[in-house]
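Engineer: Sharing a sequence plus its predicted fold:
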Amino acid sequence: MGGPAGRFLIRRSPCFLEASFVIGIAAMRANSWRRTLRDPALFATVVTLWALLALFILFPLANLLARTFIEGGHFTLANLGAILRDANHRQAFWNSLLLAALVGLCGTILGFLYAFTAVRANLSRAWITVLDAASLLLLISPPFTSAIAMIFSFGARGLITYHLLGIKGFTVYGLHSTLFSETFTYFPIAYLTLKPILHGIDPNVEDMAFSLGSSRWRVFRTVTLPLTIPGLANAFLLLFAASLADFATPLILAGNSFPVLPTQAYLQITGLFDLKGGAVLSFVLLVPALAVYLLQRFWVSRRYYVTITGKVGAQTAIKSVAPWARAPLLCACLLVAGVILYFYALLFYASVVVALGANHAWTWQHYRVIFTEGLKAIHDTLIIGGAGMPLGGLYGILLGYLVAKKIFPGRQAMEIVSMINYALPGTIVGIAYLIAFNDPPLVLTGTALIIVACYVFRYSPTGIRATVALLQQIDPSIEEASESLGASSGTTFRRITLPLILPAFFAGLGVVFIRSMTAISATIFLVSINWTLITVRILENMTELSLGPAAAFSILVVIIVFVVIILISGLLRRFRAAGVVEMTSILGG
Amino acid sequence: MSAIGIRIESVSKRFAHRVKGEVYAVRSVSLTVQPAELLTLLGPSGCGKTTTLRMIAGFEQPDSGRVFIGEQDVTGLMANQRNIGFVFQNYALFPHLSVFENVAYGLRVQRQPEGDISRAVSDVLALVGLQGYERQFPNQLSGGEQQRVALARAIVIRPRVLLFDEPLSNLDAKLRVHMRGELRELQKRLDITAVYVTHDQEEAMAISDRIAVMHQGAIVQEGTAEDLYRRPASEFVAQFIGRTNLLAGRVVSAGPGGIEVDVVGQRIRVSDDGTRAGLGQTVHLVVRPEVIELRPEDSGAGVPGTIVSRTFLGEKAEYEVRVGTDLLQVASYNPVQRGLFPVGQRVTLHFPTEGIQLLSEGSA
């Protein structure tokens, strides 16, 4: 879920930019090796970070590739061939791409509808808050919340299909409901990507088109939409990647008739105990995932139009939406929000009745179950999330600070490597960890450490990016000012730089914690009898058809995450009050 | 504490440029700033003035040459060991600290006692007219107020010298004029040596004791504002300081008292400052727009011309006048009383016989 959702405006005078550009190049030319060796603290930090990156990112990935391509010490394509010859696997590959493309398309349309309505329809603050809240709710829930609600509504004894409409034998499983559920789960990414872009289009540009005699529809078609195209492409690719990587939704909703790669890989390992087959399948998944990531990162994200030119023009009323069109736009958005709200209401309802669809008597029994039988999962999840939180936050600002501010050999490589686990689908990361840490030299399977490491290295890139973005926003003259007042570089870092990047620290640790609560695709391969997770328990409950506890667990996760978000945004607000730049969204990354 | 001077000796700084390869930002610049003097480095963007200032501050290390503050060689010292006050173009206030803490920062670094710090901060905030702002944050202040905080923060540590990097360029025009007066007054009151960088010639002329004009990494001329205006040493300086007509002419007589030059059909007497231009040689004259007088056609001797354009600016009117193939700029002061010439009118131009400067050959 990368991308420019949390984008920052960089405030610098053009003259300074020019100077810093020249200085930057000069510095690059300087002998970076000698400089690094002369600064022992920098040297030690760089070496430590490289060791960690090698161990927890490169080593597992190398193991995965070795398992796929090396047999008895020789390179071979036989494993890959065997998997690709299987019609079922080939079908899964094409299904994955089809599903991802459809989710990308539908989610982008929905996200654009949301963003356009929020930015351009002259809504009051309250309506925009409603739209934001609806999309935020989806971002903070476990990824399969909507899938569970789909089963409750449209399953064999679903509330809507069976009870309301009286349809018997309606199959919820398949492409249609997976697509529906994933579109709803992931469209907020498109919304968060497109909103700042639409916001960045100066209404004066539209005014100009109006003044030249264009109609509203023509302005939309010839000005607004073309300026948004790079953003739309970006949103599409982000959604494509998210759907490609999604594991839990298809596991619950896709069924046997619609196999996709992540679930195939999972079943290969847990069902058939075929580690090699799982490795090869996840390699097959890696190829499109990597292609989409590279396309998004290095092609689309560089094609943004800059419409913010110099001084912001006079404030103008936004006229892009005709008064009569406002109501339908808002209604469409509210319909979507209504569905989301319905999902959650249903989830809550399912958690407080004996058995949804059969016995609607009020009960707390499911909560009693999760706090007795399920207590270990809650306990384990909180310990793992609590341990990953400070580690992830620290790792994020340390690496972000190094790549943004220091010059040392392999700096760019470090930044790229640190993003790998974030860019790869969780299934791949999970299988890679499983293969790498199952045998000596380093046996970590079954420990909490492997789960914590997985979360830290998979979800810290948000903190890294936030740190880099904040540091780019801090003009170097601020540090020079400190130096000119007699402060040493250590004092400057402690008293000036560190307080200014603290928001990135909070954002980083917040994301690591939230994902520890909600993620499943990687860690489902890493849980054990000793250490388990709430999300894994939810999935187990779903497959055992104990839907009540699954609903109760989901509600618990939403509440915990909600509390953590409130705490963190409180911290962020405290720092913002002191004049520090805004962090647009800690969930953007 | 009496003021001390600054001396830089043949300082050079090279940068790697993406297109041009290695380029000199500053090439062998030497400069002496007298104690308590305010010297301005003036030049267009990219001339090396800011790089020179940053080398005095210690933010850049020169590739060669030496920097002295007082008698101390500070070339190898970091900025935090030089005891300087630096005022940045963008103010560079610490956004997470209050006005009080911003100003107190340097004193806290020196580990001064708390009582001294609050007294010194109060005093300096009073000096810049910001009493009562202690608890505000930088983002709550206007541009002018931020500039005063930046100034207070720089002077509270009692630096040996003050360095200004285009400190007024982010303010609007009226405030800029007001603040430069305040800066100048403060610098005199503190009796401190200052180096000031700007690209605005009017600002430079208003604020400085002396001006060093920089061009392509080198100082091309140093002097008071009047020196530079009256006796520019090169076409660049003549064009950069004020507006000018640069007229080519032929020397028609040369004597011990000066030379006579034939310009646009008029003989003009010029005092020769030792250029020793020979008879028949081509020379260039710096004729400022305001020294040319316009009179109606046929008003005695003078050069005939035609008004091509007119700009009325209140206290003066600016004309472009075609003389033969040349286009001359002429400024006429007090136009409301003296009357305006319409575009297309034929006029006579009268040149003064004194006060016209000869540009030395080769520098034109």
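Structural biologist: Looks like it came in fine.

Engineer: in the chain, which segments are predicted with low confidence?
Structural biologist: By default, I'm working from chain A. Under the criterion pLDDT under 70, the flagged ranges of chain A are A:1-39, A:143, A:156-157, A:161-163, A:166-170, A:300-320, A:575-589.

Engineer: looking at chain B here, not the other one
Structural biologist: Within chain B, the stretches with pLDDT under 70 are B:1, B:257, B:272-277, B:299, B:360-364.

Engineer: longest helix of it?
Structural biologist: Criterion DSSP state H: the longest helix present in chain B is helix B:173-190.

Engineer: For the helix or strand that comes right after that one, which outside residues touch it?
Structural biologist: From helix B:173-190 onward toward the C-terminus, using DSSP states H and E, the following helix or strand is strand B:193-198. Defining contact as Cβ atoms under 8 Å, 6 or more residues apart in numbering or on different chains, one finds that strand B:193-198 is touched by B:3-6, B:33-42, B:49-50, B:52-53, B:56, B:160-169, B:187, B:204, B:207-208. Yep, even glycine has a C-beta here, placed from its N, CA and C like the rest.

Engineer: Quick check: PyMOL command selecting the buried ones in the residues you listed.
Structural biologist: To isolate in PyMOL the members of those that are buried, counting by 16 or more other Cβ atoms under 10 Å in any protein chain shown, one can use:
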select buried, chain B and resi 3+4+5+6+33+36+37+38+39+40+41+42+49+50+52+53+56+160+161+162+163+164+165+166+167+168+169+187+204+207+208
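
Engineer: where do the strands sit along the stretch 1-150 of chain A?
Structural biologist: Listed from the start of the chain, the stretch 1-150 of chain A has strands (DSSP state E, counting those that start in this stretch) covering A:70-71, A:74-75.

Engineer: Out of these, which is the most enclosed?
Structural biologist: strand A:70-71 (a mean of 13; mean count of other Cβ atoms under 10 Å in any protein chain shown).

Engineer: Quick one: classify the nearest residue to A:Leu61 once chain neighbours are set aside as helix, strand or coil.
Structural biologist: Closest residue in space to A:Leu61, ignoring its immediate chain neighbours: A:Ala432 at 5.5 Å, by Cβ to Cβ, 6 or more residues apart in numbering or on different chains. Of the three states, A:Ala432 takes helix according to DSSP: H, G, I helix; E, B strand; the rest coil.

Engineer: Same check on B:Val237?
Structural biologist: Put simply, B:Val237 is helix when judged by three-state DSSP.

Engineer: Pull the number of nearby residues for residue 335.
Structural biologist: Since no chain was named, I'll use chain A. 10 (other Cβ atoms under 10 Å in any protein chain shown).

Engineer: Let me rephrase: I mean chain B.
Structural biologist: Applying other Cβ under 10 Å, we find 19 residues neighbouring B:Pro335.

Engineer: Name all residues that make contact with it.
Structural biologist: Counting by Cβ under 8 Å, 6+ apart, B:Pro335 makes contact with B:312, B:316-317.

Engineer: mind checking the backbone torsions on whatever residue of the stretch 201-350 of chain B ends up closest to chain A?
Structural biologist: Proximity to chain A, evaluated over the stretch 201-350 of chain B using Cβ to the nearest Cβ, is greatest for B:Gly217 at 12.6 Å. Dihedral pair for B:Gly217: phi 80, psi 10, per degrees, to the nearest 10.

Engineer: thought it was touching B:Arg27?
Structural biologist: Yes: at 4.2 Å, B:Gly217 and B:Arg27 qualify as touching, with contact defined as Cβ atoms under 8 Å.

Engineer: so what sits against both of these two?
Structural biologist: Jointly contacting B:Gly217 and B:Arg27 under the rule Cβ under 8 Å, 6+ apart are B:Gly48.

Engineer: Between these two, which has more neighbouring residues?
Structural biologist: Ranked by neighbour count (other Cβ under 10 Å), B:Gly217 and B:Arg27 place B:Gly217 first, with 22 against 16.

Engineer: Contacts only, for that one.
Structural biologist: B:Gly217 makes contact with B:24-27, B:29, B:47-48, according to Cβ under 8 Å, 6+ apart.

Engineer: Out of the residues you listed, who's the most crowded?
Structural biologist: B:Val26 (28 neighbours).

Engineer: Can you give me every residue that contacts that one?
Structural biologist: Contacts for B:Val26 (Cβ under 8 Å, 6+ apart) come out as B:11-13, B:48, B:51-52, B:55, B:62, B:217-218.

Engineer: That one: which element?
Structural biologist: Using DSSP H and E, the element containing B:Val26 is strand B:21-33.

Engineer: what's the spacing between the closest residue to B:Asn170 other than its chain neighbours and A:Thr462?
Structural biologist: Distances taken as Cβ to Cβ, 6+ apart place B:Gly143 nearest to B:Asn170, at 5.9 Å, with adjacent residues excluded. Applying Cβ to Cβ, to the nearest Å, the value for B:Gly143 to A:Thr462 is 35 Å.

Engineer: Give me the more crowded residue out of the two.
Structural biologist: A:Thr462 (27 against 15).

Engineer: Next one: that one from A:Leu471, what distance?
Structural biologist: For A:Thr462, the distance to A:Leu471 - Cβ to Cβ - is 15 Å.

Engineer: need the contact list for residue 270.
Structural biologist: The chain I'm using is chain A. Applying Cβ under 8 Å, 6+ apart, we find A:Thr270 in contact with no residue.

Engineer: um, chain B though
Structural biologist: Here B:Val270 is in contact with B:258-261, B:285, B:356-358 (Cβ under 8 Å, 6+ apart).

Engineer: ok, now B:Val74?
Structural biologist: By Cβ under 8 Å, 6+ apart, the contact set of B:Val74 is B:58, B:67-68, B:81-82.

Engineer: Can you report how many residues lie near the residue in chain B that chain A sits nearest to?
Structural biologist: Across chain B, the shortest distance to chain A (Cβ to the nearest Cβ) belongs to B:Gly106, at 3.5 Å. Counted by other Cβ under 10 Å, the residues lying close to B:Gly106 total 27.

Engineer: what do you get for B:Val252?
Structural biologist: Close neighbours of B:Val252, defined as other Cβ under 10 Å, add up to 14.
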